[in-house]
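> Build me a model from this:
(2 chains)
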2 protein chains.
Amino acid sequence: MAYKSDIEIARAANKKPIQEVGDKLGIPGEHLLPYGHDKAKVSQAYIDSVQKNKNGKLILVTAINPTPAGEGKTTTTVGLGDGLNAIGKKAMVCIREASLGPNFGMKGGAAGGGYAQVVPMEDMNLHFTGDFHAITSAHSLLSAMIDNHIYWGNELDIDIRRVVWRRVVDMNDRALRQITASLGGVANGFPNESGFDITVASEVMAILCLAKNLKDLEERLGAMIVAYRRDRSPVFCRDIEAQGAMTVLLKDAMQPNLVQTLENNPAFVHGGPFANIAHGCNSVTATTTALKIAEFVVTEAGFGADLGAEKFMNIKCRKAGLAPDCVVLVATVRAMKMNGGVAKGDLGAENVDAVKEGCANLGRHIANLKSFGVPVVVAINHFVNDTDAEVQAVKDYVKAQGSEAILSRHWELGSEGSADLARRVAEVAESGESNFKPIYPDEMPLFQKIETIAKNIYHADAVVADSKIRDQLKQWEEAGYGNLPICMAKTQYSFTTDPSRRGAPTGHSVPIREVRLSAGAGFVVVVCGEIMTMPGLPRTPAAQSIRLNDGGEIEGLF
Amino acid sequence: MAYKSDIEIARAANKKPIQEVGDKLGIPGEHLLPYGHDKAKVSQAYIDSVQKNKNGKLILVTAINPTPAGEGKTTTTVGLGDGLNAIGKKAMVCIREASLGPNFGMKGGAAGGGYAQVVPMEDMNLHFTGDFHAITSAHSLLSAMIDNHIYWGNELDIDIRRVVWRRVVDMNDRALRQITASLGGVANGFPNESGFDITVASEVMAILCLAKNLKDLEERLGAMIVAYRRDRSPVFCRDIEAQGAMTVLLKDAMQPNLVQTLENNPAFVHGGPFANIAHGCNSVTATTTALKIAEFVVTEAGFGADLGAEKFMNIKCRKAGLAPDCVVLVATVRAMKMNGGVAKGDLGAENVDAVKEGCANLGRHIANLKSFGVPVVVAINHFVNDTDAEVQAVKDYVKAQGSEAILSRHWELGSEGSADLARRVAEVAESGESNFKPIYPDEMPLFQKIETIAKNIYHADAVVADSKIRDQLKQWEEAGYGNLPICMAKTQYSFTTDPSRRGAPTGHSVPIREVRLSAGAGFVVVVCGEIMTMPGLPRTPAAQSIRLNDGGEIEGLF
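The predicted structure follows:
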C-alpha cells in the first residue's frame, strides 16, 4: 500500500476559514486578527475577557529520548487533540512555531505528520505570522543600541570585552558564529568581538514564551543582563532603555496564533524557544488562553522527557501556575528497538527482544514523570511495519510499571486512530488523580537544584563542577537570583551527557561546563557539553532544491 | 489655531474594513489576503485576471531638491489621490513601504501628514505585512549559502577576498558596517571580511520592486553577481543555487499591500528600495496592477526630481513599459526661501525676494521633466504661515516657465484642499499631451549615458572618472551589460555632488567615485560621493522613548 506524503495530505486539506475555527471556541470575529484566510491572532482584549473562565484540563505530551527512528511527539499531540474532539470533548492543541533557518538545511519542519497535522503547513515553515521576525528585530535593536551607547561615550562604563548580548538571525549561518565588529575606523565604533545565534536561542524568545502579558514582557526584557563593567557589575537592558521599544516591536508577536488541524480543530501555534539553553515550550499566553476556552488543552515540550518535560514542569508550570492533569509519554516500537541496540538500517525486521531491552528507557521516563505527581499514559505511536508481538511487548512492559500503553494510529487514520488514546487520557485527566508539584522548591540553593535534577531525573551519581562555577552560582544567589529554576542544556539523546549512551544508564556523572544567567527569562542555564546555538548548513543544503513549481506550489521544502 | 499631530489624526481615522476598500476596486474577497482588519495583500490570481484591462492614467509626484524645510511629497501624493476621488475619479495611490530601522533613530516615518495620510500608520512603521523581513531572510539565506559553499570545498573557486554579496539587517547598526566573519577555527569556516547594509539597500529589494512576476523575480535573483574568482570571472547567485529558495521566501512579499487613506480611498504601499544605490520607487507590480483597476494612479519617487524622477523615467518606466501622463512637481514656499538663501530659523518671516531667488531650483526641475516629454503641474504644498505674496511669487514664476502652479491645502483640509490640483492634473493627464520617452536609448554606451544625465539633468559641464572606472564600464559592455540603464547615487540636496550648493548651480563637474553592477536588478550604479548604506543611531535614539502606554498605544514613534 502506498502512503501519501505529509505535504500531499496537507495540500489536500479541506481547510475552513479561520473565523469558523474561531467560532468553535466562541471567539468573536473582531477579536480574530486574520493573516490570510487560514491564520489569525487572538486579540489581547479577548484574552483579557476570558480570564474569569474556569481552566480546562492540561495534558502534556512528551517522549522517550529521541532516536534517529523518530518518535512522533508533535504528530501524537495533534492526533490526540483531534481524538479528544472526535469523542466529543472541546479540545485544543498548543504547539511551538518552527524556526525558519533550519528548513533551508535539511528537509523537514512539518507540524505533525500523516493524518495528524496542523495546517497551513507551508506558511508555518516560512514566515507564518512574523513572530520570529519580530523577535529578531527586537533583539537586533538592543544589539544596535548597546554598541551605539558605547560609540557615543559609554556613560554606563560597559567593558567592551564583556558584552554578553550576542546578535541573532533566523538563518543557519555558521560564518556569523564568531565575528569582530565595529571595524573600519572612527566612524564605525570600537572594535569588539561578537557573534550571532539563531533567533530561537535569543533570550527574547524565552521571555516572549514565559511573559504573562505585555507589562510582564517589558519588565522581563528590562531585566536582561547585556554586559558587565570592569568591576563585574551587570548592565541591564533597562540601563540601555531598550525595553520599551522592544515591547512595541513584540506587541503583535505576543498574541497567540490560531490555526487548525486537518480535522478543522483549533490549534495555537505560538513561540518556539530552544530546548537546550531555554525551556523549549510554546508560550504561556497560548497555553493559559487555551485553558480558558477549551475543555482539554494538549501541549508538548521539546526533546525527551528528561529535558522537555522536566523543564515544562519545573520552569513553565512553576512560573505560570500551571499543573498538568495527565502526561502522555510517546514511544515507538522502532525507538524501543534502537534503545535496545538495533541499528537504523535493521529496524524493518521484527525483534521483540530488542524492544524489551529498549523499554528500560521508557520505564525510567515513566518513573521520573510520576515523581512530579502526575499520572502517565504511554502512547505507542504506530508505524505501519510494527508487529503485534512488538507492540504487545511494550504494552506488557508498561503495565508492569503500573501504567497503561495504548496503541495510537493517528498518523494513518487521524482521530479514528487516536480515539482509544483520547478516551483513556480524558478519563485520567478528569479523574483528579494528578497531584502535581515541581521536584525542587524555589528556595533550594542553585547547586542543589542541579543535583536534584541530575540524581532524580538523569539517575546520575554526581554533579561535577569546578570552584569557578560553584562560586558563580553563589554570587548569583547573593545577587538575588537564588530562587530561579534551573534550565539544563545537555544532549537530548541520552539520560547522560554522552549522546551515545541509550537505554537507562547508571553510574555516570554530570559535568558542568558553564553556567549562564538568563535574568529576564528567569532561569539559570547549566551547560553540560557542547551546545550549538548557531547551526550550519549541510554540504548540499535543502535550499538548493527549494523552488516554486509552475503551479506556484513550493517544492523541496518538505 | 492649534493643529492636531499626524498621529492624533491617524488614530482618529474612521477606517473601513479593508474588504470594503477592496470592494471599491472590485477586488473579490477571496483575492484579498487580510493582515488584520485594515491591511491586505492582493492575490497573484487576481493580478493575473486584470491584465486584459485598459491602463488608467499614471501620475508621478516628484519634488524640488529637498531642504530641511520639508517639501511634503508623500503628503501631496496622498492628498492628490484623495482629491481625484473627491472630484469623481476612481483613483489609487501607490507609495513605498517604510524601513523599520531608521524609526528607532529619529522620530518620523509617517505615510503622509495632516489630513493627507495613509493608515494604519503604526503598522506601516513597524512590521506591516512582513515584506521587508522576507527580503532580509532571502538576502540572509544567500549570504549563508555562499559561505557554506566555501566551507564545504569551494567548488566554484570563489576568491574569498572578492565576495561582493554583503549581509543586511533592517536596523541602524553601525557596528556591523565592517566585520570579519568565520572566526573561531575550523568548524566556523574561512575567515573573511564582510559587513551589513540596511535591508532597503539590498539588491533583492530593488529586484522585488522591478520584477514583473515570480518567474521574472527568480531569474533576476539568479542573475545577481555575488562574488568573483581569482581570474575575475563573476559567480552568480544561480551558481550557488539559491534563487529558487529565495523566491519561495519572497512569494508573499511580491503581492502588493492594500491599505487606505484617511478618506478611505485605496492605496498600495509596496516595496521601498534605497533612492541612491537603487531606483527609489514603489514596486512595478503595485503600479501596473493599480493601472489596471483604477482610472488614475498617483505614485511618487524618492528624493528630488533630479534623482527620483530621473530614475523613475529612465529605470522604472523603461523596464516596466510605463509612461507617465502627467508629472506633479511639489514645491513649498519654505523650500523656495531656503533655496533662496534663508536659514531654517528665519523661515517664519515673509521674504518674497528669497522666494523668487529660490525659484531657480524649481525652474530647472520643470525644464528637466519636460525634456522627458511629459507635462508638468507644480503643486505648492501649502504651509499655514505662507503669505499670499509668497505664493503668488511662485505662481508667477512657474507661469513664466510655461507651466501652472496650483496651491494645494490637503495637509489642512484633505481632499477639499486638493480638489483644484486634482482637477488640473486630471485635465492634463487626460489631454493626451504626454509624449514620454527616456532621455537616453538602451544602446547608448554606459559612460555616455552618465554624461547625458550629468549634462541634461544636473547641468554639469563634465563627468570626471579615472581610467579604472572607464575600463570597468567597458568590460561590462563587453560582458553584455551595456544596454542597462544608469542608477545615479549622489546627494539629494543639490543638482551637483556638493550638498551645500542649492538653487540651480552651473559650472560644476560630476566626479565618479565608484561604479557597481546590479546585474539582477538590471542597472549600473554610479556612486558620486559618500553613500552610506548602513545608517547609525544618534546619541539619544528615539528608541529610548518608544513604549506602549497604559492604554496600549505606541508612544514616541512619531
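
> The residue nearest in space to the middle of chain A and chain B, how far apart?
With distances taken as C-alpha atoms, centre = their mean, residue A:280 lies nearest the centre of chain A, 2.7 Å away. Between residue A:280 and chain B the computed distance is 23 Å (C-beta to the nearest C-beta, to the nearest Å). C-betas here are computed from N, CA, C, even on glycine.

> Residue A:539 now?
Using C-beta to the nearest C-beta, we find residue A:539 at a distance of 5 Å from chain B.

> Next: residue A:345.
According to C-beta to the nearest C-beta, residue A:345 and chain B sit 26 Å apart.

> Could you do residue A:73 as well?
The value you get for residue A:73 to chain B, if C-beta to the nearest C-beta is used, is 27 Å.

> residue ranges of the strands in the stretch 301-450 of chain A, please?
In the stretch 301-450 of chain A, the strands defined using DSSP state E, counting those that start in this stretch lie at A:326-331, A:376-381, A:404-408.

> Identify whichever of the ones you listed lies nearest to residue B:97.
Among these, the nearest to residue B:97 by C-beta to C-beta is strand A:326-331 (44.1 Å).

> contacting residues around that closest one?
The contact list for strand A:326-331 (C-beta atoms under 8 Å, 6 or more residues apart in numbering or on different chains) reads A:57, A:59-64, A:71-73, A:76, A:80, A:298, A:305, A:309, A:362, A:365-366, A:369, A:372, A:374-381, A:394, A:405, A:421, A:425, A:428-429, A:434.

> Contacts only, for residue A:64.
Contacts of residue A:64 by C-beta under 8 Å, 6+ apart are A:71, A:304, A:305, A:329, A:330, A:331, A:335, A:336, A:339, A:361, A:362, A:365.

> from those, which ones fall inside helices?
A:335, A:336, A:339, A:361, A:362, A:365 (DSSP state H).

> dump the residue contacts of the closest residue to residue A:513 other than its chain neighbours.
Of all residues not flanking residue A:513 in the chain, residue A:527 sits nearest, at 5.0 Å (C-beta to C-beta, 6 or more residues apart in numbering or on different chains). Residues near residue A:527 by C-beta under 8 Å, 6+ apart: A:277, A:489, A:490, A:512, A:513, A:514, A:515, A:516.

> Count the neighbours of the residue in the stretch 451-558 of chain A that chain B sits nearest to for me.
For the stretch 451-558 of chain A, the residue closest to chain B is residue A:547, as judged by C-beta to the nearest C-beta, at 3.0 Å. Applying other C-beta atoms under 10 Å in any protein chain shown, we find 19 other residues in the vicinity of residue A:547.

> What is the neighbour count of the residue nearest to it when sequence neighbours are not counted?
Leaving aside its chain neighbours, residue A:547 sits nearest to residue B:244 (3.0 Å; criterion: C-beta to C-beta, 6+ apart). Residue B:244 has 22 neighbours, counted by other C-beta under 10 Å.

> And the contacts of the helix or strand where residue B:244 lies?
If you go by DSSP states H and E, residue B:244 is part of helix B:243-250. Residues outside helix B:243-250 that contact it (C-beta under 8 Å, 6+ apart): A:104, A:126-127, A:542-548, A:554, A:556-557, B:134-135, B:137-138, B:141-142, B:204, B:208, B:214, B:217-219, B:221-222, B:237.

> How about stretch A:451-460?
Applying C-beta under 8 Å, 6+ apart, the contact partners of stretch A:451-460 are A:306, A:310, A:314, A:364, A:368, A:371, A:439-440, A:444, A:461-463, A:486, A:488, A:495-496, A:504-506, A:508-510.

> Check stretch A:289-299 too.
Counting by C-beta under 8 Å, 6+ apart, A:25-27, A:42, A:47, A:50-51, A:53-61, A:77, A:80-81, A:84, A:89-95, A:256, A:266, A:268, A:281-282, A:287, A:322, A:328, A:426, A:429 sit against stretch A:289-299.

> Any quick ChimeraX command for the buried ones out of the residues you listed?
Filtering the contacts of stretch A:289-299 down to the buried ones (16 or more other C-beta atoms under 10 Å in any protein chain shown) takes a single ChimeraX command:
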select /A:25,27,42,47,50,55,56,57,58,59,60,61,77,80,81,84,89,90,91,92,93,94,95,256,266,268,281,282,287,322,328,426,429
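
> re the thing from before, show the buried residues in the contacts of stretch A:451-460.
A:306, A:310, A:314, A:364, A:368, A:439-440, A:444, A:463, A:486, A:488, A:495-496, A:504-505, A:508, A:510.

> Show me these that map onto helices.
A:310, A:364, A:368.

> tell me the contacts of the first one?
Spelled out, that is residue A:310. Contacts for residue A:310 (C-beta under 8 Å, 6+ apart) come out as A:368, A:439, A:453, A:457, A:488.

> Enumerate the residues of the stretch 251-400 of chain A near chain B.
A:251, A:252 (C-beta under 8 Å from any C-beta of the partner chain).

> repeat that with 7 Å
residue A:251 (C-beta under 7 Å from any C-beta of the partner chain).

> of all of the stretch 251-400 of chain A, which residue lies closest to chain B?
Closest point on the stretch 251-400 of chain A to chain B, by C-beta to the nearest C-beta, is residue A:251, at 6.4 Å.

> what number of residues lie near that residue?
Residue A:251, neighbours per other C-beta under 10 Å, totals 20.
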